[in-house]
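# The following block contains a protein sequence and its predicted model.
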Amino acid sequence: MFGVIALACLAVITLTGVILMFFYTPSGTTVEYDGRYPALQGVQVSKAFESTLYASFEVPGGLLLRQAHHWAALLLPAALIAQLLVTFFTGAFRKPRRAGWVLLFLILITALAGGWSGYALPDDMLSGTGLRIFEGILLGIPVVGTWLKELLFGGQFPGEIIEHLYPLHLAVVPVMLALIVVRIAIMHRLKPPQFAGPGRTEANVVGVPLFPDAAARAGGLFLIVTGLLLLISATVTINPIWLYGPASPGNAGAGSQPDWYTGFLDGALRLVPSGWEIVALDRTWTLALLVPLAVITVFLLLVAAYPFIEGWIAADHREHHVLDRPRNTPTRTGIGVAGIVFYGVLWVAGSADLIAVAFSLTIEGVVLALQILLLAGPVIAFTIARRVCLGLQRKDRELLLHGFETGRIVRLPGGEYIEVHQQLSRYERWRLLDTGEHAPLTLEPHSGRTLWTLRLRVRLSRFFFEDRLEPLSPHDALPPPFGAPAASQSSNRVGAIVASGPGSNSRSSRSVPK
């Protein structure tokens with residue numbers, strides 16, 4: 001359903017953008033404003049700024065179109081991030097849906113690029129300040145920074161940045177549509193994943209049919225999201241460029257902030273200690289810029305490659321169509337929560353100056369607190385999340401074995417008192433019982449040299465899968481017919497890794513020959 005929300009946002013962006021194209025002039029050429037907004041009469045502005053004001057005040061419904069375009073662009077990354085999180089925590093990225101995860105990640109990156117390029121097109125003071133910051137970032141990149149700046153700006157700031165960003169902004173929609181079409185085709189061929197339940201296996205799909213049930217639900221949500229976007233656009237002002245004024249190379253807007261989806265990039269720059277520069281190879285290397293760029297790049301690459309990393313660690317090449325409950329994969333859930341905290345700290349750091357002003361704090365104190373939180377926060381969040389998952393697993397075990405408390409106290413003939421517990425339904429028992437197959441790897445005893453990659457793989461596998469409760473068997477937790485002994489399954493051989501007996505800590509494990 002988050003995909004439907006993203007699709008509705010993209011539809012609003014596309015339709016409003018096509019209409020606005022007929023009134024917008026992508027040019028930085030300076031003209032004298034002579035429109036309907038009296039406060040800017042006679043002011044020197046760019047043609048891009050003038051045409052944006054014309055669309056806002058002189059085109060019927062133009063301001064509604066502009067604001068709907070902007071609000072949809074703000075909601076689109078939120079829907080895509082939420083979809084990524086749901087996919088991550090439920091394990092829906094596993095084989096055979098790894099390509100769908102990568103496509104979803106690329107759609108998000110494309111949406112960020114489209115939002116950033118469109119942010120600067122009105123050529124107001126707020127976007128002009130952001131472009132000046134971006135120019136400084138480009139110039140701080142060694143070797144290729146000056147070349148990149150000349151390529152994008154086409155000369156002295158602001159140069160021809162509006163003319164160069166406009167084609168990039170227009171190209172975002174067809175690229176995103178192509179990625180979405182490919183992802184929908186892949187997801188339709190594979191069918192949607194499902195949570196565990198009676199009759200649901202890795203080889204079937206149990207759910208509502210695509211037509212008419214699922215299509216009607218998706219269509220209804222699509223119309224609701226579109227209607228809400230138009231309602232918000234008609235009642236809530238956003239990006240009032242007439243209040244910011246036109247961009248000026250010699251001025252900067254006070255308290256300027258980027259749109260929320262790029263705030264983490266600004267925050268990464270603000271948290272780097274000052275004075276991080278070295279001189280080497282006859283060049284000045286600004287670590288205060290290179291380190292944040294490297295950290296953000298590595299973070300994004302890890303997000304894109306995570307399905308392949310987990311699959312390699314688990315030596316799991318099977319197809320998965322049954323989703324995991326987050327509590328049943330404590331390490332993965334902890335990693336996800338740690339990533340959220342890391343991103344959240346960077347995002348908050350983008351407004352460190354506003355936080356200092358609002359709470360009467362020193363900017364140095366706010367930055368120091370966020371620096372400490374950036375390093376310690378993900379570790380603390382990972383530990384807490386994993387322990388919470390283990391606690392929820394213990395709760396599920398108690399529910400399976402003893403049922404839930406009813407609050408009824410009964411006195412037995414012998415005089416003692418007991419509380420009556422009621423057993424869960426068969427469906428609930430089945431749902432709680434399915435915890436997936438997550439067993440750590442072990443090395444087989446063997447003479448000779450062991451590859452370091454194999455040792456690393458085993459250690460990471462233990463880190464991922466060893467800290468969990470031993471799952472109950474259907475015979476212990478389910479009454480007939482679900483509790484009947486299941487047919488024996490052949491051991492799953494995956495490359496050089498085979499199923500073996502119980503490992504340490506009474507947990508099942510798999511052995512890897514040296």
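Nice, I can see it.

# Ser351 contacts Pro258, correct?
No - the criterion here is Cβ atoms under 8 Å, and Ser351 misses it with Pro258 at 9.9 Å. For the C-beta atoms, the positions are set from N, CA and C on the backbone; glycine is no exception.

# Sort out which residues of the longest helix belonging to the chain are buried, please.
Ranked by residue count, the top helix of the chain under DSSP state H comes out as helix 363-402. Residues of helix 363-402 classed as buried by neighbour count (16 or more other Cβ atoms under 10 Å): 366-367, 370-371, 373-374, 377-378, 381-382, 385-386, 388-389, 392-393, 396-397, 399-400.

# residues near His164, how many?
15 (other Cβ atoms under 10 Å).

# ok, so what distance separates it from Leu148?
The gap separating His164 from Leu148 is 12 Å, by Cβ to Cβ, to the nearest Å.

# ditto for Ser46
Per Cβ to Cβ, Ser46 is found 23 Å from Leu148.

# Looking at those two, which has the bigger crowd around it?
Comparing Ser46 with Leu148 by neighbour count (other Cβ under 10 Å), the higher total belongs to Ser46, at 24 against 15.

# With Trp116 as the reference, measure out to that one.
19 Å.

# Repeat that for Ala352.
Distance from Ala352 to Trp116, by Cβ to Cβ: 21 Å.

# pretty sure His402 contacts His421?
Yes - applying Cβ under 8 Å, one finds His402 in contact with His421, separated by 5.2 Å.

# Need the overlap of contacts for these two.
Both His402 and His421 lack any common contact, where contact means Cβ atoms under 8 Å, 6 or more residues apart in numbering.

# how about the strands in this protein?
Using DSSP state E, the strands of the chain run over 30-32, 44-46, 277-280, 283-286, 404-411, 417-422, 441-443, 498-502, 508-512.

# Off-centre distance for stretch 184-194?
20 Å (Cα atoms, centre = their mean, to the nearest Å).

# Can you name the residues in contact with it?
For stretch 184-194, the external contacting residues (Cβ under 8 Å, 6+ apart) are 90, 92, 96-97, 99-100, 103, 200, 205-207, 320-323.

# Check those for burial and list the buried ones.
Using 16+ other Cβ under 10 Å as the burial test, the contacts of stretch 184-194 include 90, 92, 97, 99-100, 103, 200, 320-323 as buried.

# Which of the residues you listed fall within helices?
99-100, 103.

# ok, so of the residues you listed, who is nearest Gly155?
Leu103 (37.2 Å; Cβ to Cβ).

# What separation is there between the closest residue to Thr333 other than its chain neighbours and Arg455?
Spatially, and ignoring its direct neighbours in sequence, Thr333 is nearest to Pro326 (4.4 Å; Cβ to Cβ, 6 or more residues apart in numbering). Using Cβ to Cβ, one gets 29 Å for the distance from Pro326 to Arg455.

# repeat for Val43
For Val43, the distance to Arg455 - Cβ to Cβ - is 68 Å.

# what's the answer for Leu139, then?
Per Cβ to Cβ, Leu139 is found 45 Å from Arg455.

# Repeat that for Leu301.
The gap separating Leu301 from Arg455 is 24 Å, by Cβ to Cβ.

# burial measure for the closest residue to Thr146 other than its chain neighbours, as a count.
With sequence-adjacent residues excluded and distances taken as Cβ to Cβ, 6+ apart, Thr146 is closest to Leu139, at 6.5 Å. Per other Cβ under 10 Å, the neighbour tally for Leu139 reads 14.

# try Gln194
A count of neighbours around Gln194, defined by other Cβ under 10 Å, yields 17.

# For it, name its beta-bridge partners.
Beta-bridge pairing for Gln194 (DSSP bridges): Val322.

# Tell me the pLDDT of it.
Looking at Gln194, its pLDDT stands at 85.

# do the same with Gly91
At Gly91, the pLDDT value in this model is 91.

# and the gap between the closest residue to it other than its chain neighbours and Arg431?
The shortest distance from Gly91 to any non-neighbouring residue, by Cβ to Cβ, 6+ apart, is to Asp324 (3.9 Å). Asp324 is 12 Å from Arg431, where distance means Cβ to Cβ.

# between these two, which one's more packed in?
Legend: neighbour count by other Cβ under 10 Å for Asp324 and Arg431, higher for Asp324 (22 against 17).

# picking that back up, which one's more surrounded, Pro326 and Arg455?
When neighbours are counted by other Cβ under 10 Å, Pro326 comes out ahead of the other of Pro326 and Arg455, with 20 against 13.

# got a list of what the more buried one touches?
Remark: with contacts taken as Cβ under 8 Å, 6+ apart, Pro326 is in contact with 89-90, 332-333, 336, 389.

# of all those residues, which two lie farthest apart?
Using Cβ to Cβ, the two most remote members of the contacts of Pro326 are Thr90 and Cys389, lying 13.5 Å apart.

# Look up the closest residue to Ala99, ignoring the ones flanking it.
Ile186 (5.8 Å).

# ok, how many other residues are close to that neighbour?
Neighbours of Ile186 under the rule other Cβ under 10 Å: 14.

# cool, and the one 4 residues further on?
Neighbour count of Leu190, defined by other Cβ under 10 Å: 15.

# average model confidence for stretch 318-333?
For stretch 318-333, mean pLDDT rounds to 89.

# same check, this time on stretch 222-241
In this model, stretch 222-241 carries a mean pLDDT of 95.

# Nearest spatial neighbour of the residue nearest to the spatial centre of the chain, chain-adjacent residues omitted?
With distances taken as Cα atoms, centre = their mean, Ile81 lies nearest the centre of the chain, 3.4 Å away. Excluding the flanking residues, the one nearest Ile81 by Cβ to Cβ, 6+ apart is Leu108, at 6.8 Å.

# sorry, back to before: which stretch in the strands of the chain has the least confidence?
strand 498-502 (a mean of 33).

# And Asp34, how far from Ala48?
Noted for Asp34: a distance of 16 Å to Ala48, by Cβ to Cβ.

# Correction: the previous question concerned Leu177.
25 Å.

# ditto for Gly311
Distance, Gly311 to Ala48, by Cβ to Cβ: 47 Å.

# between the two, which one's more packed in?
With neighbours defined as other Cβ under 10 Å, Gly311 and Ala48 compare such that Ala48 has more, 27 against 17.

# Please look at the more buried one and Ala120 and confirm they touch.
No - if you go by Cβ under 8 Å, Ala48 and Ala120 don't touch, sitting 9.2 Å apart.

# okay, how far is it across stretch 343-360, tip to tip?
End-to-end distance for stretch 343-360: 25 Å, by Cα to Cα, to the nearest Å.

# Stretch 199-216 too?
Note: stretch 199-216 ends 25 Å apart using Cα to Cα.

# Surely Phe93 is in contact with Tyr306?
Yes - using Cβ under 8 Å, Phe93 is in contact with Tyr306, at 7.1 Å.

# Between the two, point out the one with more neighbours.
Neighbours per residue (other Cβ under 10 Å) separate Phe93 from Tyr306, with Phe93 holding more: 23 against 19.

# How about the contacts made by the more buried one?
Phe93 is in contact with 87, 100-101, 306-307, counting by Cβ under 8 Å, 6+ apart.
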